[in-house]
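A.B. asks: Give me coordinates for this.
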Amino acid sequence: MDFPGHRIWRAHRSDGRPGDWVATLHDPSQGVDPTVIASDADRLRELLVIERGRAIDSRDGL
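C.D. replies: Numbers count the residues shown, from 1 in each chain. Down below sits the predicted model:
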């Protein structure tokens with residue numbers, strides 16, 4: 001599991017088809033934003049890597 005501080009799930013569109021990928025923060029030490037949303041899984045991964053860096057920077061007081 002690459003992002004244990006987040007619950008990752010797939011939203012559903014109003015027509016029932018799969019929608020955006022969503023990461024909900026469950027461990028504040030692992031991110032800053034409570035919800036991260038992307039249109040595909042690869043982009044969500046990129047955003048979560050950035051989010052992890054933001055969490056580290058905020059702990060370090062940067």
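
A.B. asks: Give me the contact list for stretch 20-30.
C.D. replies: Residues outside stretch 20-30 that contact it (Cβ atoms under 8 Å, 6 or more residues apart in numbering) are 3-11, 31, 33-41, 43-44, 47-48, 51-52, 55, 59. Placement of C-beta: from N, CA and C, glycine included.

A.B. asks: Quick one, which of these are buried?
C.D. replies: 3, 5-6, 8, 31, 36, 38, 44, 47-48, 51-52, 55 (16 or more other Cβ atoms under 10 Å).

A.B. asks: Which pair in those has the greatest spatial separation?
C.D. replies: Taking Cβ to Cβ as the measure, the buried ones among the contacts of stretch 20-30 span a maximum distance of 17.6 Å, between A38 and A55.

A.B. asks: tell me which element the residue nearest the centre of the chain is part of?
C.D. replies: When Cα atoms, centre = their mean is applied to the chain, the residue found nearest the centroid is A23 (3.5 Å). Here A23, judged by DSSP states H and E, is contained in strand 18-25.

A.B. asks: and that strand, which residues are buried?
C.D. replies: 21-23, 25.

A.B. asks: which SS class is V36?
C.D. replies: Secondary structure state of V36, per DSSP: H, G, I helix; E, B strand; the rest coil, is strand.
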